[in-house]
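Enquirer: next one to model:
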Amino acid sequence: MLDFWKSAIGLVSMIIGILLFIWITRKRLKGEKGEYGAHIDIYTGALLLFLVGLVMFVGELMKL
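Expert: Take a look at the predicted model:
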């Protein structure tokens, strides 16, 4: 049986990861410089958030 909350959290996590990735990319294109490594940390967090959401969402869809 499909776990609604796990798939919903996975979908929301994927969307937040994509939006965070787009937001930090726009800031970098404008030339904003953060502290050393801040952009890399945010990119890593956005990618991990997206991947965790993808695993949760696809894992629940595989049950169908």
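Enquirer: which residues of this protein score low on pLDDT?
Expert: Counting by pLDDT under 70, the low-confidence segments of the chain come to 34-37.
Enquirer: may I ask you to name the longest helix in it?
Expert: Determined from DSSP state H, the single longest helix within the chain is helix 4-29.
Enquirer: contacting residues around Met14?
Expert: For Met14, the contacting residues are 49-50, 53-54, 57, by CB atoms under 8 Å, 6 or more residues apart in numbering. For every residue, glycine as well, the C-beta is placed using N, CA and C.
Enquirer: of those residues, grab the buried ones for ChimeraX.
Expert: Per 16 or more other CB atoms under 10 Å, the buried members of these correspond to this ChimeraX selection:
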select :49,50,53,57
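Enquirer: what's the helix or strand for the closest residue to Ile15 other than its chain neighbours?
Expert: Leaving aside its chain neighbours, Ile15 sits nearest to Gly53 (7.7 Å; criterion: CB to CB, 6 or more residues apart in numbering). Secondary structure assignment for Gly53, by DSSP states H and E: helix 38-61.
Enquirer: chain center to that helix, what's the gap?
Expert: Chain-centre distance of helix 38-61: 4 Å, with CA atoms, centre = their mean, to the nearest Å.
Enquirer: got it, and stretch 57-64?
Expert: Per CA atoms, centre = their mean, the centroid offset for stretch 57-64 relative to its chain is 18 Å.
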